[in-house]
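1. After the sequence you'll find the predicted model.
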Amino acid sequence: MDYPRESNIVLIPTRFVWPYGGRAVYISGSFTGWTQWPMTPVEGCPTVFQTICSLPPGYHQYKFVVDGEWRHDEHQPFISSNIGIVNTILLTRESDFIPAMLSPQVPPSVPGSSMDVDNEAFQRVVRVTDGTSPESFPIISEADLEISRHRTAVFLSTHMAYELLPESGKVIALDVDLPVKQAFHILHEQGISTAPLWDFSKAKFVGVLSVLDFILIMRELGTHGSNLTEEELETHTISAWKEAKLYLSTQVNGLGSAVPRQLVQAGPDDSLKEVALKILQNGVATVPILHSLSSDASNPRLLHLASLSGILKCICRFFKHSPSSLPILQYPLCAVPVGTWVPKIGEPNRQPLAMLRPSASLGAALNLLLQAQVSSIPIVDDNDSLLDVYSRSDITTLAKDKIYAHVNLEEITIHQALQYRDDPFSTYGYNNQKCHMCLRSDPIHKILERLSQPGVRRLVIVEAGSKRVEGIISVGDIFRFLLGI
């Protein structure tokens, strides 16, 4: 949107951002004659709306119209006027600006604020409050933190695992004698990342097959030849792989022999807190809920696969109608010490956030997933702006059309691997179903609601507008924080 141009007046490209959601958002100000101009959603951040206006130097007032309601941004300068509360902006005099610095291509220098001006001189002259910086929000108080943790713990301790069971649904289990290749196909076709393993000879569940197993299998088989072959996968049953994995495992007892890992399971009468702790302490994605009618626990029935997302959904449902009883829900994300963040310059003892370029090899991505012990990696461009996310579960897409039979992990790039996952006619770099984002200014209750949705295991924290990666938060981070572990 351009301000009417007059001779000898330099117009300043100014970005206005409304990061608080809505269906239809407009901006109205002294520079529009108080008419409403539409704002557009930022790609990948449907709750963030923006527009760029070319304005002359001077003092301007503006408001937002969100779903027909007049609103102002409380995190930007505002005053009371004859038309109500309005936001204000003061652009410095024309002579203070250098024309070369007015290019719209210059990245905004106030990350994530509701108003970014493409001019560094503006930042030196006018003090603008950054609506999304940690300093702008009160850090959660110890009292609110303790209250939130206590009430969450009470809820989790007094509600049972059977509350996680859906009214209808299916749970898939695999026979340990099934060929690995067939199991690979089943996980991909069913869109699941884990499945319990049933041993008919023992008449019980003996473990879980997960996408991590396939990552290890591909790395192990890849060391014996230049390419994985369908025949190599065909010769391995799940039980054979588990035995081989036992020797590769780093879990060793005092005698130096391999220690088999026991199945982590729960019963329908276990508390939600017990289930959550089992998931976190054992580093697993799901826990089978098993029930047996016999006293010796033989022939157990598989009722459900419990996950942290399902437990989080119960928390959201319980506190939805009394959010004030959980003070943390009203705080913005940046006010709560949770998640993994990109370290600031000069910040000591902060583990760097694992990120990769789309040109990196798939082998490098798999190695990083294992070494960093993370479930996903943000894929970014040269400016660290988010393009996509590569997750452990994406490895199952190599089962499609038997791609694994002719893939070399060190030659295929992440860009190519993502194309196998995405629609072949879409351009690489963004996938609505896999790449879930949020802002540091988003309130915790919105973060929890999004993480409790099916298929959403983590949110990438991005800067509004540029989508520069600022951090990542997972459902596991939420539970470790709430449970104080």
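-> Now that the structure is in, tell me what you want to look at. Numbering: from 1, shown residues only.

2. remind me which residues of the stretch 351-485 of the chain are low pLDDT?
-> 351, 400-402, 404-405, 422-434 (pLDDT under 70).

3. can we see that at 90?
-> Scanning the stretch 351-485 of the chain for pLDDT under 90 picks out 351-354, 362-364, 366-376, 383, 391-412, 415-436, 440-443, 453-457, 463-467, 484-485.

4. the helices in it, which residues?
-> 362-371, 414-421, 444-451, 475-482 (DSSP state H, counting those that start in this stretch).

5. and of these, who's closest to K181?
-> With C-beta to C-beta as the measure, helix 414-421 is the member of those nearest K181 (17.0 Å). C-beta here means a position set from N, CA and C on the backbone, and glycine is covered the same way.

6. counting contacts, what elements does that closest one pack onto?
-> helix 362-371, strand 386-391 (3 or more C-beta pairs under 8 Å, 6 or more residues apart in numbering; DSSP states H and E).

7. at 10 Å what do you get?
-> Counting by 3 or more C-beta pairs under 10 Å, 6 or more residues apart in numbering; DSSP states H and E, the packing neighbours recorded for helix 414-421 are helix 362-371, strand 376-380, strand 386-391.

8. Off-centre distance for the second one?
-> Between the mean C-alpha location of strand 376-380 and the chain-wide mean there is a distance of 10 Å, by C-alpha atoms, centre = their mean, to the nearest Å.

9. so that strand versus helix 362-371, what angle?
-> Relative orientation of strand 376-380 and helix 362-371, computed by axes from the mean of the first three to the mean of the last three C-alpha atoms, to 10 degrees: 140 degrees.

10. hmm, back to that, the helices and strands packed on helix 414-421 into CSV, with extra columns for distance to T158?
-> Shown next, in CSV, are the helices and strands packed on helix 414-421 (distance: least, C-beta to C-beta, whole Å):
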stretch, distance to T158
helix 362-371, 36
strand 376-380, 33
strand 386-391, 34
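
11. Relative to P288, which of those is closest?
-> That would be, of these and by C-beta to C-beta, strand 386-391, which comes in at 21.8 Å.

12. Okay, now the sheet partners of the closest one, with direction.
-> Paired neighbours of strand 386-391 in the sheet (DSSP bridges): strand 376-380 (antiparallel).

13. Could you measure from K242 over to W198?
-> 13 Å (C-beta to C-beta, to the nearest Å).

14. Touching both of these two, which residues are there?
-> Residues touching both K242 and W198 (C-beta atoms under 10 Å, 6 or more residues apart in numbering) are 176, 206-207.

15. picking that back up, kindly reformat the helices and strands packed on helix 414-421 as JSON lines containing mean neighbour count and distance to Q61.
-> JSON lines is the format used below for those (neighbours: other C-beta atoms under 10 Å; distance: least, C-beta to C-beta, whole Å):
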{"stretch": "helix 362-371", "mean neighbour count": "18", "distance to Q61": "49"}
{"stretch": "strand 376-380", "mean neighbour count": "24", "distance to Q61": "37"}
{"stretch": "strand 386-391", "mean neighbour count": "23", "distance to Q61": "34"}
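
16. quick one, which of these is nearest to T152?
-> strand 376-380 (25.0 Å).

17. follow-up on the earlier one: list just the one of the helices and strands packed on helix 414-421 that sits closest to L482.
-> strand 376-380 (21.0 Å).

18. Could I get the CA-only coordinates of that closest one as PDB?
-> Extracted C-alpha coordinates of strand 376-380, given in PDB (Å, rounded to 0.1, in the frame of the first residue of the first chain):
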ATOM      1  CA  SER A 376      13.200 -33.400  14.000                       C
ATOM      2  CA  ILE A 377      15.500 -31.000  12.300                       C
ATOM      3  CA  PRO A 378      14.500 -27.500  10.900                       C
ATOM      4  CA  ILE A 379      15.600 -27.100   7.300                       C
ATOM      5  CA  VAL A 380      16.600 -23.500   6.600                       C
END
